Every structure is written in C-alpha cells, then in structure tokens.
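> below: sequence and its predicted model.
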Amino acid sequence: MSPATLGAVAGRARLGVALWSCVACIVAPGSGADSGPVREFPLPDLSRPSSIASGPDGALWFVDYGRGRIGRFDPASETLTEFPGTTSGGGNDITTGPDGNLWFTEGSLKKIGRLTPSGDLTEFSSANGFALDITSGPDGNLWFTTSRSTIGQMSTTGGVRLFSVRRQCYTYGITSGPDGNLWFTEATANRVGRITPAGNARDFLIPTPNSNPAGITLGADGNLWFAEQNGNRIGRATPEGVITEFPVPTPQSNPLDVVGGPDGNVWFTELSADRIGRISPAGAITEYPTTGGPYGIASGPDGNVWFTEFGADRLARINLGVTTQPPSGLSVAAGTVESGDAGSLAARDADELSISSKGTPGLTAWHGVMESVPNSLTDLRVTYTGGNSATATQVIQIRNFTTGSWKVLDSRTVGPAEVRVKNLVPPGPAADYVSGETGSGEVWVRVRTTAASGSFVQHANLMRITYTLG
C-alpha cells in the first residue's frame, strides 16, 4: 500500500520527497530491538518505509517513501543498502517481477520503475494511469491498479495496456489468484474485482457498506483475503466470488495490507492500532503489539513475516519459527543438464537450472534433495518456480518414504512464462516425507515435465521447502 493511496482514499496527507544518491549503510547484527516475537530494525530518520516485498535474491526490498529511495535489507547479515528510486513524488508499491527484477510504482509521476538487484534503474510511463499497487501476473507481465477506474498491464520491456473495470472507482490492491486471473479491490466502489489476462473484468459486492477495501492477497487455502480499512474487517473471497467477513478485535484498527504467510495463515497490518494481525483459514484472529504505524507486510525469504513501521522509521520481523531450505543436491532421471546445479535453485534470479528434454514426446524428470531435515518437522510445504521453452505438462511430486511412492502436489500446463507454485502441502504426516524414522533425513521434491509436441528446455529457477518443528 502507498502513502499516496492513503492520501487519496483515506484523507491522509502526502509527503514530499527529494532525490538522493546511492548509499549503503550497515545495521550491525544484534542492533534490532526485541519485543516478544517481534524484532525491530531501525532505519535512517525520515525513511517513512511503506511497501515491502520479498526479493529474488533472499533479501527484503522496500519503498523508502520519505527520502525517495528503494531499500534492500539482508535478513541474514542485517545489512541495509539503499538505491535512488525516483526523481520526485515518492514510490508507492513494490514487487518482484517475472524477470527477477524489482518493480515499483511512482503514482504521481505516472511511471513504473524497474530496479535490478544490483541497482540499475529504468523508468517506464504508466500511460494515463496513476499507478498504485503492482504484482506479477500469471501471464509473465506486471499488473497494477490506478486511480482512474482501470487496471494496467505492463510487459517486462515497458509496454502498457489499460483495461477499464466495470465501475467508476479507485482500484487499490492487486494480486494473482489461484484461477489464472488477477484479483483487485475497488476502494470507492466497495467491491472486490477479478480480471482475466485478456482484460475481461467483473466484481463482487462486499456485504459491509463503505468498507474501503485495501490490500489483497492469495491465501494458502486457495481463497483471496483482503483488508477493509473502514469496515475494520478482514474479508475472504472464494474464486467464485463468495465473500465472508471477519471482524478485527481491536476497534478502528484500520487494517491496511495483507499477505499469505509461510505458516498457512494470513497476516495483516493494523495501521491505527499499532498491531499485526494473524487470521487462520477458519477466521480465528490473533493480534501482536508493535509500534510506529505498521504499514506494508510481506512473507520473508527466511520463513518469517516482515513489515514496515511507517511512523517509526523501522523494519520489523515476526519470528514464526519456520525453516526455509533449498536443495543441496540434484538427481536427474530423464534429460540433460545444460547449465546450473542445485545451487541455482536457492533464489529466483538469473542463475537457472536448465535441462533439455529426452525422447519424443519430450521428457524431463529430476528431483532436488534437501538434506538434514528433522523427522520432528510439522507443516511441510513446497514452493517451485520455473518455465519451459515450449508448452508442457509439469507435475510436482514429493517422495513418501513410508509408502515408497511419489505423491502428486500439483499438475499444470507451463510454457515460456515462469510460473511460481507455492505452499504446496503433502497429505498426511509430514514425517512420512523424511527419509529415516528418527533424527534427520532427506526430503525429495521431483519435477516431471512432458511435451507432446517434441523437445524442449526446462528452466528451473527456485525450489524450496518450509517447515516448523513439533
């Protein structure tokens, strides 16, 4: 969410921003302050951090709205690096693009910025759109909301198309849905909208009048979850558009941004109540106190939830006790490795594992090996990102060592556009998927891909498991 958005929708004032040159500074390990499960990390004065996203490089990236920069925070070394982000007007939302770069909106400038992980900045016009929130779409493009009753689509080379929505409204949050469409909120129309990659839109009325829906995210349960600023509720919409609302316990908390957490719950910020909320798929809400106006929120690469504190110039982390682990080994049963290795699957970046298919129809089959995984694990989940040079059927499986069989987690058609499939949960006890009965063992995740049309090259960019300990 952006301060500019709040200024237009909720009556809050915008802040002025100046251009700064690139600067790197170090936040020494241990300098963060702990308060229960929440740990805060100070930023330079007047940073006014707003939106935050998990980057392709294992870092957190955020909008330094107060000083016109884009910040990068490494959770392992607790190092902060900052890059010039905009010439004026402040950045709004930020996301990781399908090309492995960071993309952010510059609403008042009618621009969208592309920043490489190394700090090279390119700006593109967002046409007639006052760009607000932004997300990666299922079609390999960026999608963004605007203040002019439109949804924007931008290619990774800067080409723009604008699609009109059904009503005169201020479109706000946006996310990719489980159905191959984009889902968004209509703040001033009190609706949740859905738009296909071809630009066909429809919307669904929220039961609470004038709820002012804001951030929206995909939950682990396959539903869309959104925050209602004025309604003081968290809403859940099924892919069919059936909406259920859950009241936030703290009155007038101003829930703003939402994210699907690595623990299977949805987490949200309560801007006016200085709290972070957690809502289970069944609707049970737990709140955690924080300080300084929690604003944007993201699921971090370290298996924790991270958020910004706009009023206190801080980043903060909620420790979920979640372990994230990429493969340390690789086994190829069908196909030939053209480039990369198991290390190429640790982060979504330019370093890919490329495997050419074997035979006709073309086939690749390989699995990543995660070592030293405790048998006492619970809540095991799998995430994979990849694409193919030609359209092919991709099946993600996990080895059940108890039954000696492969269990299918996901099956879909995947072409050249990279597809991220996250938080896949295997059925039954998590320990069944760890080799050995005691201590630690291995977890195997297999990707088997076939193309009836002939040969292809598979490009695997990221594979990881997340788990908690019982």
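That came through, no problem.

> pull the helix or strand with minimum mean pLDDT from this protein.
strand 23-26 (a mean of 40; mean pLDDT, DSSP states H and E).

> quick check: phi and psi on Gly343?
Per-residue torsions, Gly343: phi -60, psi -20 (degrees, to the nearest 10).

> does Ala417 touch Gly140 like I think?
Yes. Using Cβ atoms under 8 Å, Ala417 makes contact with Gly140 at a distance of 3.2 Å. In short, each C-beta sits where N, CA and C put it, glycine included.

> any shared contact partners between the two?
The contact sets of Ala417 and Gly140 overlap at Pro98 (Cβ atoms under 8 Å, 6 or more residues apart in numbering).

> which one of the two has more residues nearby?
Remark: of Ala417 and Gly140, Gly140 carries more neighbours, 18 against 14, as counted by other Cβ atoms under 10 Å.

> is it true that that one touches Thr156?
Yes. With contact defined as Cβ under 8 Å, Gly140 reaches Thr156; the gap is 7.4 Å.

> residues that sit against both of these two, list them.
Counting by Cβ under 8 Å, 6+ apart, the shared contacts of Gly140 and Thr156 are Pro98.

> grab the nearest non-local neighbour of Gly85.
In space, and not counting its chain neighbours, Gly85 is closest to Ile70: 3.9 Å by Cβ to Cβ, 6 or more residues apart in numbering.

> who is that neighbour paired with across the strands?
Beta bridges link Ile70 to Val63, Phe83, judged by DSSP bridges.

> before we move on, what about the one 4 residues further on?
Following DSSP bridges, Asp74 is listed with bridge partners Thr79.

> quick check: pLDDT value at it.
Looking at Asp74, its pLDDT stands at 93.

> return the residues in contact with it.
58-60, 80-81.

> out of these, who's nearest Leu462?
Gly58 (10.4 Å; Cβ to Cβ).

> does the closest one touch Phe73 like I think?
No. Gly58 lies out of contact with Phe73 (Cβ under 8 Å); the separation is 10.8 Å.

> neighbour count for the two, which is higher?
Using other Cβ under 10 Å, the more surrounded residue of Gly58 and Phe73 is Phe73, with 24 against 19.

> list the contacts for the nearest residue to the more buried one once chain neighbours are set aside?
Residue nearest to Phe73 in three dimensions, not counting chain neighbours: Leu60, with 4.6 Å by Cβ to Cβ, 6+ apart. Contacts for Leu60 were tallied using Cβ under 8 Å, 6+ apart; they are 52-54, 72-75, 298, 300-301, 306, 315.

> repeat the analysis, applying 10 Å as the threshold.
Leu60 makes contact with 41, 52-54, 71-75, 80, 298, 300-302, 306-308, 315, 317, according to Cβ atoms under 10 Å, 6 or more residues apart in numbering.

> likewise Gly277?
Contacts of Gly277 by Cβ under 10 Å, 6+ apart are 227, 234, 246, 248-250, 253, 255, 258, 265-270, 285-288, 294, 297.

> now do the helices in the stretch 201-350 of the chain.
Listed from the start of the chain, the stretch 201-350 of the chain has no helices (DSSP state H, counting those that start in this stretch) to report.

> please pick the buried ones from the contacts of Gly277.
Buried members of the contacts of Gly277, counted by 16 or more other Cβ atoms under 10 Å: 227, 234, 246, 248, 250, 253, 255, 258, 265-270, 285, 287-288, 294, 297.

> Gly231 reaches Thr185, doesn't it?
No. Checked against Cβ atoms under 10 Å, the pair Gly231 and Thr185 is beyond contact range at 11.6 Å.

> how many other residues sit next to the closest residue in space to Ala316 that isn't next to it in sequence?
Spatially, and ignoring its direct neighbours in sequence, Ala316 is nearest to Glu40 (4.5 Å; Cβ to Cβ, 6+ apart). Using other Cβ under 10 Å, Glu40 has 20 other residues around it.

> quick thing: my sequence starts at 889, can you match it?
Sure thing, new numbering starts at 889, so read that last one as Glu928.

> re earlier: anything in contact with each of Gly946 and Phe961?
Here Gly946 and Phe961 have Gly1188 as joint contacts, going by Cβ under 10 Å, 6+ apart.

> look up how far Ala1108 lies from Gly954.
Applying Cβ to Cβ, to the nearest Å, the value for Gly954 to Ala1108 is 34 Å.

> the two - which one has more neighbours?
Set side by side, Gly954 and Ala1108 show more neighbours around Gly954, with 22 against 19, by other Cβ under 10 Å.

> so how far is Arg936 from that one?
3 Å.

> contacting residues for Pro1189?
Neighbour list for Pro1189: 942-948, 962-964, 1150, 1212, 1234-1236, 1352 [criterion: Cβ under 10 Å, 6+ apart].
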